[in-house]
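In: Sharing a model that was predicted from the sequence below.
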Amino acid sequence: MAILISFDIDGTLEVGDPPGVLTMDLVRKTKEAGILIGSCSDRPISGQRAIWEQHGIEVDFAVSKHQLPDVKQRFDAEIYYHIGDREDLDRQYALAAGFEFFWPDEAVSEPWLK
Amino acid sequence: MTTEHAPASMYRATEGLGVWEHKGKVAAVGIGHSPTTRRWDGTPENTMGANSIFALRQAIADSGVDPSQIDGLVLDPVTTTGAHWPPGDPIPMDVVNHWNKTDDPLDGIAKLSAEWILKNMPELTNVKFTMYGQGCMSHAIVVAAQAVGEGRTHTCLVLKSWHNLEGRYNQSGISAQGEVPGTFALAPGRTLWGAPGSYGTALQFAEYCRKYGKSHDMMAPFMENSRRNGLLFPEGYWAQHRPEQLTPDDYLNARWIAKPANLFDNDIPIMVSGAYLFTTAERAKDMKQKPVYIINHASSRGAQRSVLPTLDEVEAETAATGRKIYEGAGITADDLSFENMYDGFALFHQFHIEGLRYRGMQNGDALDFYQKDISIEGPDPILPSGGNIGSGRSRFWMHTDCIQQIQGRAGARALTGVKPEIGVSGGPMPMGGNFTVWSATPD
């Protein structure tokens, strides 16, 4: 089953400002599990790509907050998740785009692997 | 010593006043900045008050004056536009008591009095003049310039500080109340009850695009140039914390905040303090840095007919501001080497520079101008400081840049396409602000 996971950065990933609880190792492990991954953040897209490059993680997409519907259109998956720390800019955007949603502390246990 | 707000008589807010009577008799010499951070970390060492002291001491050292020579202090007592201390939240008394406090426990944390500064800078033994210029550094500068010109102070520190607290901007203070006045809810920004802060500017910009056949996409070169200049400003937030360029693609892919204002058309709130040392032209000759002479200051106090200013009102007011700036300095638009008008929001910078008739610009010309070479290397530099877009919300990068460019201390940001002899800076809003003309020579 194809799974796609979109990560917010600030407040979600350990490299965010503020730092979040999700480690880059978790992202790496997710990628290695064959899951489509990428970021959806208010950071400039070029800045998002720079973060991934800096950590040696090849992502499938890097988009702005309002572009989750484009991601869904571009990638064929059975289930789409977005992980973020904000009700308005993460959860609401995700649900409106047809994504499932996890808060960062919920995502730590990697529920998509279960 | 009681500190008063500057009286209306200190501002040059109307046309027809002639050349400023103190033209070239006041000079900026020293500059100081605190480090930037995104938000306060809760420690006493990193309060806004601590940043203020750091910046002031830097400005004093930069000038090479003994602190005992300083007899004036002008500052803005308001240190945020949207990060208000939440009512009912406990005030950290360990932080308050770390400093010499005033009667207000938030003094030095979320507001700033001259009294707090003087209590915590014992080296300032001779300050006899204090005054508030409320709103931003642009305001404090014109008050300090006029005060030095009038002889109220001969060696004066000018300070603007910003705090930023945990949580989201504009969602505490009155915005957190269950009811707010209708006028507050309708006003642009500062409230989660109404539209985003940039919506007024966005509406004016939309009308501007319709009237002159322009588009939001045409802002991309301006945004790229501003961030580039900001990354060459080592004192700024982006240069210090996230040295990443904002590409046209990044800009054009950002989400709308108040269409046609997108995320990056809004500046990022930060913690930072900036300070300058002003003195008389005579005293400046003996100080450590090259004097930068103030040859005029002017103020805009535009009145709008309704809730928001219309494009027509904005264009009329910025044109009047331009005329006041030139009249008081005794110069024309052709004499400007560069401009550093305000940009936080990015979508009103063109109103300021069209009002100035910068490089012969008329209303509706600026976005075409942005498609040409507007870099610091070219003959027509736009906002060499990078402004708030380039370095975060301080409302003073533009003034620092004017002083540094003319002093020859702008480093990698130094203008090379023009010789920096006369610059203009100021803001904030097209309908209301304060502006200063800086010059390498007093006349």
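Out: Looks like it came in fine.
In: Give me every residue in chain B lying close to chain A.
Out: Contact residues (CB under 8 Å from any CB of the partner chain) of chain B with chain A: B:38, B:241-242, B:244-247, B:249-251, B:253-256, B:263-264. Placement of C-beta: from N, CA and C, glycine included.
In: Which ones among those residues map onto helices?
Out: B:241, B:249-251 (DSSP state H).
In: pLDDT wise, what is whatever residue of chain B ends up closest to chain A at?
Out: Residue of chain B nearest chain A, by CB to the nearest CB: B:Asp250 (3.5 Å). According to the per-residue confidence, B:Asp250 scores 98 in pLDDT.
In: Nearest spatial neighbour of it, chain-adjacent residues omitted?
Out: For B:Asp250, ignoring the flanking residues on the chain, the nearest one in space by CB to CB, 6 or more residues apart in numbering or on different chains is A:Pro44 at 3.5 Å.
In: need the contact list for that neighbour.
Out: Residues in contact with A:Pro44, defined by CB atoms under 8 Å, 6 or more residues apart in numbering or on different chains, are B:244, B:246-247, B:250-251, B:254, B:264.
In: ok, now with 10 Å
Out: A:Pro44 makes contact with A:50, A:62, A:64, B:227, B:242, B:244-247, B:249-251, B:253-254, B:263-264 under the criterion CB atoms under 10 Å, 6 or more residues apart in numbering or on different chains.
In: one step back: most widely separated two among the ones in helices among the residues of chain B next to chain A?
Out: Maximum pairwise distance among those (CB to CB): 22.0 Å, between B:His241 and B:Asp249.
In: Quick check: the residue of chain B closest to chain A vs A:Asp70, distance?
Out: Applying CB to CB, to the nearest Å, one obtains 16 Å for the distance of B:Asp250 from A:Asp70.
In: before we move on, the earlier item: between the contacts of A:Pro44, which is closest to B:Ile109?
Out: Comparing those against B:Ile109 with CB to CB picks out B:Arg242 as the nearest, at 25.6 Å.
In: so that closest one makes contact with A:Gly47?
Out: Yes - when contacts are counted by CB atoms under 10 Å, B:Arg242 is listed as touching A:Gly47 (7.2 Å).
In: Neighbour count for these two, which is higher?
Out: Looking at B:Arg242 and A:Gly47 with other CB atoms under 10 Å in any protein chain shown, you find the greater number of neighbours at A:Gly47, namely 20 against 15.
In: Could you check how far the more buried one is from B:Leu118?
Out: In this structure, A:Gly47 and B:Leu118 are separated by 42 Å, where distance is defined by CB to CB.
In: Assign the spatially closest residue to B:Trp238 that is not a sequence neighbour to helix, strand or coil.
Out: Setting aside the residues directly before and after it, B:Trp238 is nearest to B:Gly230 in space (CB to CB, 6+ apart), at 5.2 Å. Classification of B:Gly230 by DSSP: H, G, I helix; E, B strand; the rest coil places it in helix.
In: Run a quick neighbour tally on B:Gly230.
Out: Neighbour count of B:Gly230, defined by other CB under 10 Å: 27.
In: so what's it up against?
Out: Taking CB under 10 Å, 6+ apart, we find B:Gly230 in contact with B:236-239, B:243, B:245-246, B:383, B:385-392, B:397, B:413.
In: Could you do B:Leu231 as well?
Out: B:238-239, B:242-246, B:386, B:390-391, B:412-413.
In: Of those residues - the most surrounded one?
Out: For those, counting by other CB under 10 Å, the largest number of neighbours falls to B:Ser391: 33 neighbours.
In: What separation do you get for the residue nearest to B:Trp238 and B:Gly411?
Out: Here B:Gly230 is placed at a distance of 13 Å from B:Gly411 (CB to CB).
In: which SS state does the nearest residue in space to B:Ala13 that is not next to it in sequence fall under?
Out: Once flanking residues are discounted, B:Ala13 sits nearest to B:Ser299: 4.2 Å by CB to CB, 6+ apart. Here B:Ser299 is strand, with the state taken from three-state DSSP.
In: The one 4 residues further on too?
Out: Recorded secondary structure, B:Ala303: coil (three-state DSSP).
In: Regarding chain B, what is its longest helix?
Out: Selection of the longest helix in chain B by residue count, based on DSSP H, yields helix B:311-329.
In: Downstream of that helix, the next helix or strand is which one?
Out: Beyond helix B:311-329 on the C-terminal side, the first helix or strand identified by DSSP states H and E is strand B:338-341.
In: and chain A, which residues reach chain B?
Out: Contact residues of chain A with respect to chain B, defined by CB under 10 Å from any CB of the partner chain, are listed as A:10, A:17-18, A:42-48, A:50-51, A:63-67, A:86, A:88-89, A:93.
In: rerun at 6 Å
Out: With the criterion set to CB under 6 Å from any CB of the partner chain, chain A comes near chain B through A:42, A:44-47, A:64-66.
In: are any of those residues buried, and which?
Out: A:42, A:44-45, A:47, A:64-66 (16 or more other CB atoms under 10 Å in any protein chain shown).
In: For the residue nearest to B:Ala13, list each beta-bridge partner.
Out: B:Ser299 has the following beta-bridge partners by DSSP bridges: B:Asn434.
In: pLDDT value on it, please?
Out: Reported pLDDT for B:Ser299: 98.
In: B:Met10 is in contact with that one, correct?
Out: No - in this structure, B:Ser299 sits apart from B:Met10 without contact. The criterion is CB atoms under 6 Å, and the distance is 9.3 Å.
In: For A:Ile9, identify the helix or strand it belongs to.
Out: Secondary structure from DSSP H and E places A:Ile9 outside every helix and strand.
In: Report the contact partners of it.
Out: With contacts defined as CB atoms under 6 Å, 6 or more residues apart in numbering or on different chains, A:Ile9 is in contact with A:16, A:39, A:41, A:43.
In: can you do 8 Å?
Out: When contacts are counted by CB under 8 Å, 6+ apart, A:Ile9 touches A:15-16, A:20, A:39, A:41, A:43, A:48, A:51.
In: Let me know the distance separating the nearest residue to it once chain neighbours are set aside from A:Phe75.
Out: In space, A:Ile9 comes closest to A:Ser41 once its chain neighbours are excluded; the distance is 4.2 Å by CB to CB, 6+ apart. From A:Ser41 across to A:Phe75, the span is 17 Å (CB to CB).
In: Same check on B:Leu347?
Out: According to CB to CB, B:Leu347 stands 34 Å off from A:Phe75.
In: Check B:Tyr251 too.
Out: Relative to A:Phe75, B:Tyr251 is positioned 25 Å away (criterion: CB to CB).
In: Which residue of the two possesses the greater neighbour count?
Out: For B:Tyr251 versus A:Phe75, neighbours defined as other CB under 10 Å are more numerous around B:Tyr251 (24 against 14).
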